[in-house]
Each structure stands twice: as C-alpha cells, then as structure tokens.
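[1] Quick one, fold the following:
(chains A and B)
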Amino acid sequence: MSSDIIDFFKVNLALLQSQPLTGGVVAKNLHISDNGSGELTLYGDFTITLKVLDLTTDGAPNLNSLMTFTQQVITSKLRGEGYQSGVRFLKYNAAKNIFDKSKSWTYSIRYNFSFSVNVMQISMLSQLKGNDFVLAVVDDIGYQFTDQYGKKHYSGGLTNGRSGPAVVSYIHWQKNKYLGVHEFFHTLGLDDIEDHTKKERLMYHLGDNTGQSISDKERGDMMHFMITDLRQMLKGNYSNISNNTVQLLRTFINNKTNGFKYNKAKFR
Amino acid sequence: MVSNIIRLSLGSVLFLFTAACVNKPVPDRNTLDKKKVVDTCRYYRYEAGQVISTLGCRNCHLEPYMELKDDRGWPTFRGLANMDSLKLIDYAFTKKHKGWYSKTGSFKTARMDTLNDCEIKSAIRYIKDAGRNIPMPSQ
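    Reported below is the predicted structural model:
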C-alpha cells in the first residue's frame, strides 16, 4: 500500500529530524512481550491530541473549563490496563519479532500503554492536519434519532463514525460536561449503549445516565483501535493513518440532514 | 301406529340434526398458528458491535482504512462493507477463513456457526452500516 510506505517514511523522517510527530495518535517505544502461553503484553507511550474548533455564533465563554475537564476525563478513562481475551490473529514469533502469516493463534492481550492527552483549541481549519482528531463546537444540532424503544431524541452531539470528526452543541455540552468525552470515544471506536440496565456507562446515550464508567473491554477496544493494526507494534513508532480530517469535517458540517447551526464565517 | 312411526322419524331427524350441529368440524387453530412466523429478530447496534468485537473481525480487517484491501490483499473493514450481503455471508461464515473457524480449526472455540441467525443477520448489517457513514448521535 503506497500510503503505508509514505506514512512510514514520514514517521521515520520526523524522528530522524527530532521533530514532534503530528496527528491524533502518536506512539513511541512500541514493543511486545510474549509470556509463551498465549498472552501478549503490548507496551508503548502514546500522545493523543484532540483539537477543538469553536464555531459558535456568540462565542463559548466556558470552553476552556470544558476542555480542561474533557482532557482530565479522557486521561483518567485511558489510565490503567486494557484487556482483550480471545483475540484471534497471526502467531507472534518473539525470536524474529514478526507475526507469522502462515499460522494463526488465539491470544489474550494486555495493553500496557501510557497516555499523554492534549485537548487544545484551534481557531481556523488550517490548524487542522490530515490525521488530527477534531471536536467542533456549534450552536445547535437539528438531527434527531430514535432509540431502540421507539422514542425520539434530540442530539447534543454527533460523530461521523470511527476516527471521524465529532461535533457538540455548546448549550448541551454545558449541561452535560461528559458530552465531549463521549463523542471523542466514538472517534476512538466505541458504540452507543441504549440498554436501560447500563445507565451507569459513559457510552449510554439516552440522557438519563447514572454514571460515566468505561469497561475494561471498552478500554481494550479503544487501545486496539488506536494501534489499528497489531503489526504496527513491530515498528517501534507509529502515527495514525491520514484520513483527511479537514475534508471529512467539511462534508459532515455541510450535510443538511445533520442540521448543524453555527457561525459559517468562523469555518474557514 | 302411523303416528308412532311419524313421531319416531321426526325424533330421529331431530337427533341427527342436533348431533350434526354439535359435531360440526372446528377449524384447527393450532395448525394455522403453526404456520404464522413472527420475526423476533431486532437489530441493536451495540449488541451487533459486541459480536463483531468478540469475533475479532477488526484484528485482520483493518479499520478505518479508506482502501478496500490492505497490503496483504486482505479486505479492510470498508472492503467487507463494500461486499454484497450474500457474498459477505459466504465469505465470513461459510467457506472462507482457511477453515480456521471450523470444528477442527485453530479458532474452533470461536466457531462462527455457533451464532444464531439473528446474530449473523445483525453482524452483517453492522458491517454493511460501516460503509454507510451513519452518524452516531448522543443526547
């Protein structure tokens, strides 16, 4: 894959020049430890960057405090080990440090990753690079959704699928401080929960939460999503793939069915 | 004598008429009910996602790549979403995966044929939805 080769050279060139790697996910010191009985422990130092773009008409006076809160919660939710059992993949050969394409194996994986999380404000689209994560703050969202019980809900936040840009309504974010984290965790690959018996979970999205917990499996799923391809663990360093976030955000914001109300003059 | 015969005949007719009415065949409701098939399978995105996560589809079928195949020639998750549903069922659940998920395969503990029809249907829809750019809303 040509984009893979280009990414590989970009990452290594930046490292040779001692430049900071850019992007939503930047990982260094990646390595694997195999206990020989079906358990792999993955190690790495990750920097996660989420860029916040204020598109509100009258400004967002509480934005800084909401961003600080979001950064703290993301950091605390990613802290601790992620765990996945029954992970079916190619067999790891520790001596050669390769995944053997001809053999398959079922592993338990412990994600022993350390995270440094940055939630930073940007004022224009040019500050957004190809593989950045973005959270746009708008006045309101017209999109409505129907839950599995048939009840209609307004949307305080909307995310354009895994790895995609997220949007929150400023008014709703002020009412529910966890909204930014919830949307960002969609970007990191988690799905919404609608089961009324799981209201204590952060990803429960029907508005009457009793808590904001993340399960070990969800943490493991996010960590797996961040590395995307376990073979990246063999390269030592990694920066997430380029998805042209600017173009994705432009398409998402301009999609009339989403009903975003925002200051168009700020979207430049 | 004649009146006795007439009375006996009328009585017999009345008896037969009553008996005929009492033994009137009743439609077999149970048979009809058995023919009715109610679709109890409902799609819950979260549960479908858990099936995909447990099977570990994304370990090999990478996401969020924009390409349909990776450098190994394996379909990405987008590549799976791009497949026709019938081909997808055939690809994922019936013939492919080199027999790894069969009774004797190395992933036999996660045999895909242990999934019920509803779970398979939901998993297929989840994969197809991944290519439809459906936004994830939150209240």
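[2] Please make it C-alpha for all contacts and neighbour counts, starting now.
    OK.
[3] So which residues make contact with stretch A:139-149?
    A:55-57, A:152-157, A:168-171, A:194, A:206, A:257-262, B:44, B:137 (Cα atoms under 8 Å, 6 or more residues apart in numbering or on different chains).
[4] low-scoring stretches of the chain, by residue?
    Defaulting to chain A. A:1-22 (pLDDT under 70).
[5] looking at chain B here, not the other one
    B:1-34, B:93-96, B:98-99, B:101-103, B:106-113.
[6] could you pull out the strands for it?
    Along chain B, the segments classed as strands by DSSP state E run B:136-138.
[7] Which residues of it lie near chain A?
    Applying Cα under 8 Å from any Cα of the partner chain, we find that chain B lies next to chain A at B:44-46, B:49, B:53-56, B:59-60, B:62-66, B:70-71, B:100, B:106-107, B:130, B:133-139.
[8] and if we set it to 7 Å?
    B:46, B:56, B:59-60, B:62-64, B:70-71, B:106-107, B:133-139 (Cα under 7 Å from any Cα of the partner chain).
[9] do you know how far A:Phe225 is from chain B?
    8 Å (Cα to the nearest Cα, to the nearest Å).
[10] How many residues are close by that residue?
    By other Cα atoms under 10 Å in any protein chain shown, 23 other residues sit near A:Phe225.
[11] quick one: secondary structure of it?
    Look at A:Phe225: counting by DSSP: H, G, I helix; E, B strand; the rest coil, its state is helix.
[12] is it true that it touches A:Gly189?
    Yes. Using Cα atoms under 7 Å, A:Phe225 is in contact with A:Gly189, at 6.3 Å.
[13] wait, what's in contact with A:Lys28?
    For A:Lys28, the contact set (Cα atoms under 7 Å, 6 or more residues apart in numbering or on different chains) comprises A:44-46, A:236-238.
[14] what's the closest non-adjacent residue to residue 119?
    Picked chain A for this. Spatial nearest neighbour of A:Val119, excluding adjacent residues (Cα to Cα, 6 or more residues apart in numbering or on different chains): A:Leu50 at 4.8 Å.
[15] try again with chain B
    B:Ala48 is the one closest to B:Glu119 (Cα to Cα, 6+ apart), at 7.0 Å.
[16] now swap in A:Ser213 and tell me
    A:Arg201 is the one closest to A:Ser213 (Cα to Cα, 6+ apart), at 4.6 Å.
[17] is it true that A:Gly164 touches A:Phe185?
    No. Using Cα under 7 Å, A:Gly164 is not in contact with A:Phe185, being 10.7 Å away.
[18] So which of those two has more stuff around it?
    For A:Gly164 versus A:Phe185, the count of surrounding residues by other Cα under 10 Å is larger for A:Gly164: 27 against 23.
[19] doesn't the more buried one fall inside a helix?
    No. Counting by three-state DSSP, A:Gly164 is not part of a helix but coil.
[20] Who are the contact partners of it?
    Taking Cα under 7 Å, 6+ apart as the test, what A:Gly164 contacts is A:Thr187.
[21] and the residue nearest to B:Glu119, how many residues sit next to it?
    With other Cα under 10 Å as criterion, B:Ala48 counts 22.
[22] Show me which residues of the stretch 1-150 of chain A are close to chain B?
    Checking the stretch 1-150 of chain A against chain B by Cα under 7 Å from any Cα, the hits are A:1, A:87-89, A:104-106.
[23] rewinding a little: partners of the one helix or strand the residue nearest to A:Val119 maps to, with directions?
    Per DSSP states H and E, A:Leu50 falls inside strand A:39-54. If you go by DSSP bridges, strand A:39-54 pairs up with strand A:25-34 (antiparallel), strand A:98-122 (parallel), strand A:133-138 (parallel).
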